[in-house]
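Novice: okay, structure incoming, though there's no sequence with it:
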Ligand SMILES: Cc1ncc(C[n+]2csc(CCOP(=O)(O)OP(=O)(O)O)c2C)c(N)n1
């Protein structure tokens with residue numbers, strides 16, 4: 001274990017003294033207060049930065065480069081905290097997670113060409129999960145667009161399919177307003193990523209225009225309340241249901257409707273299932289909670305979905321990892337679907353009672369129309385029985401390697417309820433969602449729709465900064481990563497060290513890209529093509545090479561101590577847990593199969 005101090009600019013006396021004396025160029029960390037004082041807008045770039053400030057932006061994640069340099073130069077005068085990431089993909093994931101935790105759009109920046117294309121994975125990820133992100137990309141000067149200029153990419157073309165909307169800035173006088181609009185649009189209605197492409201001549205051109213507050217486009221007016229007659233009809237259906245289930249999706253959290261949704265469920269005694277993005281919308285230790293449904297969801301959630309006669313779905317797009325085969329999804333149920341995006345109604349699952357509007361507002365509308373709660377006592381008892389029948393359980397013989405589920409539970413026990421968990425993608429992600437008891441919204445930060453390996457570490461960086469800026473410096477941030485996922489973005493550890501960010505990475509290391517190995521064993525006759533690493537770096541030593549602290553854990557009796565020490569360390573740390581490489585994720589519903597047919601072991605698939 002290294003005792004090495006985290007490098008900070010202040011640690012080097014000569015640098016800080018000469019910076020104060022103005023003898024050497026200053027880094028962004030060394031800017032004086034006078035330098036970050038608000039200055040008049042003089043250029044397109046300063047108008048862009050002023051638009052961010054007017055929108056209340058406090059942080060941005062990015063990587064410098066030629067075409068975005070004017071914007072960075074304007075950021076020099078701003079108090080917006082910029083975190084220089086190792087890779088633009090990291091910037092987009094950090095911005096995404098920052099936004100998830102803070103409940104406002106996260107901001108990322110990149111230069112043209114490779115900078116912009118490196119953002120694409122994070123934008124696609126945010127788009128699939130309806131996460132609010134604003135991306136600002138540099139572009140070659142307007143008169144060179146289309147000439148295959150150095151680092152020219154058609155960023156608008158490349159990002160159109162993976163953004164909620166994107167803009168090509170064409171005028172220094174309006175570029176600030178455009179950025180404000182893109183910010184507002186990202187967070188409004190159904191959230192999503194927006195992008196403004198900024199040609200260098202536009203950001204360098206003179207303008208004195210101070211854009212006003214961020215304003216959404218006049219043409220975008222999401223419907224907030226559902227039709228009152230439709231609400232009445234849906235309320236009657238809920239009153240008369242015998243086996244109702246509330247299905248809370250990520251939209252409940254994004255709409256800040258958690259309190260309203262919880263109260264509705266509890267007041268009316270309706271069992272709650274969540275989707276994976278909806279984890280945290282309802283406390284998982286509540287009697288009514290059946291946790292999350294879908295491919296690796298709990299047996300009892302999938303049983304409830306299979307047998308319910310009325311599914312009241314809120315803020316979910318019925319992703320195929322949730323539904324399995326659409327034809328066999330909730331086969332006995334009528335469906336009430338509350339969603340702010342009318343395009344989601346009956347897209348994947350037919351809605352018998354469509355209610356378009358904001359999750360919280362529509363739940364309130366329905367509640368106001370309810371004359372009595374459904375008589376669901378027997379159904380609640382049935383759901384509790386399923387919980388007993390299909391518990392989330394695993395065997396942990398002491399003579400076998402450490403089980404990953406044990407590690408997740410040990411972390412959960414050692415940390416407060418408001419701990420933020422981020423993950424990569426694979427088996428470890430599933431164990432982190434299955435064996436941790438989530439009680440609060442915005443504590444589960446993961447990549448759902450796109451399933452992006454490498455999301456976890458940069459997301460932890462974004463989540464850490466969000467918590468710090470919200471005054472929660474003591475809040476714990478844990479990233480559960482797979483060895484494969486960690487290898488995809490582990491360079492961001494350099495950022496966590498540089499910024500002295502208190503995060504703990506728990507690598508559930510099976511020396512496999514485990515989820516692929518699990519599928520090969522189940523569906524490809526064990527032909528393990530390109531699934532085994534054969535060797536892996538020593539992640540604890542790698543952490544120390546980065547300037548973080550590292551531990552290696554091979555046995556059960558090392559788990560608690562390593563967790564305690566890592567949590568006590570005020571800075572980034574990595575624990576390399578060498579877990580049972582043969583462990584698989586169950587329950588499992590095979591792709592496209594009915595949710596009721598969940599397997600509890602490979603021979604049931
Ligand atoms: C960027 C990316 N590439 C490929 C995949 C396909 N994939 C899904 S899970 C998985 C294995 C993940 O391995 P690891 O991060 O070690 O986690 P484990 O499953 O072993 O817990 C792969 C390759 C993906 N989801 N994302």
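Specialist: Perfect, thanks for sending it. Bear in mind that the values here come from a model prediction, so they are computed numbers and not experimental data.
Novice: near the ligand, which residues of the stretch 151-300 of the chain?
Specialist: Counting by C-beta under 6 Å from any ligand atom, the stretch 151-300 of the chain comes close to the ligand at no residue. Backbone N, C-alpha and C define where each C-beta goes, glycine included.
Novice: strands of the stretch 251-400 of the chain, start to end?
Specialist: Counting by DSSP state E, counting those that start in this stretch, the segments of the stretch 251-400 of the chain that form strands are 272-274, 289-292, 310-314, 334-339, 353-356.
Novice: stretch 565-582 near the ligand anywhere?
Specialist: No: residues of stretch 565-582 contacting the ligand under C-beta under 6 Å from any ligand atom: none, with a closest distance of 8.7 Å.
Novice: redo the strands of the stretch 251-400 of the chain as a markdown table? Include mean pLDDT and mean neighbour count.
Specialist: Putting the strands of the stretch 251-400 of the chain into a markdown table (pLDDT from 0 to 100; neighbours: other C-beta atoms under 10 Å) gives the following:
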| stretch | mean pLDDT | mean neighbour count |
| --- | --- | --- |
| strand 272-274 | 98 | 29 |
| strand 289-292 | 98 | 25 |
| strand 310-314 | 98 | 28 |
| strand 334-339 | 98 | 26 |
| strand 353-356 | 98 | 22 |
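Novice: using JSON lines, lay out the ones you listed together with distance to residue 600.
Specialist: Below are the strands of the stretch 251-400 of the chain laid out as JSON lines (distance: least, C-beta to C-beta, whole Å):
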{"stretch": "strand 272-274", "distance to residue 600": "19"}
{"stretch": "strand 289-292", "distance to residue 600": "16"}
{"stretch": "strand 310-314", "distance to residue 600": "24"}
{"stretch": "strand 334-339", "distance to residue 600": "28"}
{"stretch": "strand 353-356", "distance to residue 600": "34"}
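Novice: which residues does residue 68 contact?
Specialist: With contact set as C-beta atoms under 8 Å, 6 or more residues apart in numbering, residue 68 has these partners: 62, 109-112, 115, 136-138, 198.
Novice: so of the residues you listed, which ones are in helices?
Specialist: Judged by DSSP state H, these include residue 115 as members of helices.
Novice: related to what we said a few turns ago, do you know which of the strands of the stretch 251-400 of the chain lies nearest residue 144?
Specialist: strand 334-339 (43.1 Å; C-beta to C-beta).
Novice: now stretch 569-588: buried residues?
Specialist: Neighbour counts over stretch 569-588 (16 or more other C-beta atoms under 10 Å) mark 571-580, 583-588 as buried.
Novice: could you do stretch 49-59 as well?
Specialist: 49-52, 54-55, 57-59.
Novice: and the contacts of that stretch?
Specialist: 38, 41, 60, 71, 74-75, 77-83, 98, 104, 106-107, 176-177, 179-180, 183-184, 210-214, 465-466, 469.
Novice: dump the buried residues of stretch 49-59 to JSON lines, plus secondary structure.
Specialist: Output for the buried residues of stretch 49-59, formatted as JSON lines (DSSP: H, G, I helix; E, B strand; the rest coil):
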{"residue": "49", "secondary structure": "helix"}
{"residue": "50", "secondary structure": "helix"}
{"residue": "51", "secondary structure": "helix"}
{"residue": "52", "secondary structure": "helix"}
{"residue": "54", "secondary structure": "helix"}
{"residue": "55", "secondary structure": "coil"}
{"residue": "57", "secondary structure": "coil"}
{"residue": "58", "secondary structure": "coil"}
{"residue": "59", "secondary structure": "strand"}
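Novice: among those, which two are most distant?
Specialist: For the buried residues of stretch 49-59, with distances taken as C-beta to C-beta, the pair at the greatest spread is 50 and 59 (16.3 Å).
Novice: return the residues in contact with residue 427.
Specialist: Contact analysis of residue 427 by C-beta under 8 Å, 6+ apart lists 404, 482, 508, 510, 514-515, 518, 583-585.
Novice: element containing residue 245, please.
Specialist: Using DSSP states H and E, residue 245 sits within strand 244-248.
Novice: pull up the pairing partners for that strand, direction included.
Specialist: strand 272-274 (parallel), strand 310-314 (parallel) (DSSP bridges).
Novice: and that strand, how far out from the chain's middle?
Specialist: 23 Å (C-alpha atoms, centre = their mean, to the nearest Å).
Novice: hmm, who's touching that strand?
Specialist: Residues contacting strand 244-248 (C-beta under 8 Å, 6+ apart): 238, 261, 264-265, 270-275, 278, 281-282, 290, 293, 304-305, 308-316, 333, 374, 376, 379.
Novice: make it 7 Å
Specialist: 238, 261, 265, 270-275, 278, 281-282, 304-305, 308, 310-314, 316, 374, 376 (C-beta atoms under 7 Å, 6 or more residues apart in numbering).
Novice: say whether the ligand is contacted by stretch 429-446.
Specialist: No: Stretch 429-446 does not reach the ligand (C-beta under 6 Å from any ligand atom); its nearest approach is 6.9 Å.
Novice: okay, now the unreliable bits of the stretch 501-605 of the chain?
Specialist: Filtered on pLDDT under 70, the stretch 501-605 of the chain yields no residues whatsoever.
Novice: so which bits of it are right by the ligand?
Specialist: So the stretch 501-605 of the chain meets the ligand at 508, 510, 512-516 (C-beta under 6 Å from any ligand atom).
Novice: now go through the residues you listed and say which are in helices.
Specialist: 514-516.
Novice: can you pick the most crowded of those residues?
Specialist: Tallying neighbours with other C-beta atoms under 10 Å puts residue 514 at the head of these, with 28 neighbours.
Novice: distance check, the closest residue in space to it that isn't next to it in sequence against residue 142.
Specialist: Closest residue to residue 514 apart from its sequence neighbours, by C-beta to C-beta, 6 or more residues apart in numbering: residue 427 at 4.2 Å. Separation of residue 427 from residue 142 (C-beta to C-beta, to the nearest Å) stands at 48 Å.
Novice: mind listing what the closest residue to the ligand within the stretch 101-250 of the chain touches?
Specialist: Distance from the ligand to each residue of the stretch 101-250 of the chain (C-beta to the nearest ligand atom) is smallest for residue 121, at 7.2 Å. Applying C-beta under 7 Å, 6+ apart, one finds that residue 121 lies in contact with 89, 92, 452.
Novice: near the ligand too, which of those residues?
Specialist: Counting by C-beta under 6 Å from any ligand atom, residue 452 from the contacts of residue 121 sit close to the ligand.
Novice: just the contacts of residue 121: which are in helices?
Specialist: When the contacts of residue 121 are checked against helices (DSSP H), the matches are 89, 92.
Novice: closest to the ligand among the contacts of residue 121?
Specialist: For the contacts of residue 121, the nearest to the ligand is residue 452 (5.4 Å; C-beta to the nearest ligand atom).
Novice: for the closest one, which non-adjacent residue is closest in space?
Specialist: Computed as C-beta to C-beta, 6+ apart, the closest residue to residue 452 that is not its neighbour in sequence is residue 125, at 4.8 Å.
Novice: for that neighbour, helix, strand, or coil?
Specialist: Here residue 125 is helix, with the state taken from three-state DSSP.
Novice: per-residue pLDDT, it?
Specialist: If you check residue 125, the pLDDT there is 98.
Novice: you'd agree residue 294 is up against residue 321?
Specialist: Yes: between residue 294 and residue 321 there is a contact under C-beta atoms under 7 Å: 5.2 Å.
Novice: for the two, indicate the residue with more neighbours.
Specialist: residue 294 (23 against 17).
Novice: please report how far that one lies from residue 322.
Specialist: Using C-beta to C-beta, we find residue 294 at a distance of 4 Å from residue 322.
Novice: between those two, which contacts overlap?
Specialist: Common contacts of residue 294 and residue 322 (C-beta under 7 Å, 6+ apart): residue 275.
Novice: for residue 452, what are phi and psi?
Specialist: Backbone torsions for residue 452, taken as degrees, to the nearest 10, come to phi -100, psi 110.
Novice: neighbours of it, just the number please.
Specialist: Using other C-beta under 10 Å, residue 452 is surrounded by 26 other residues.
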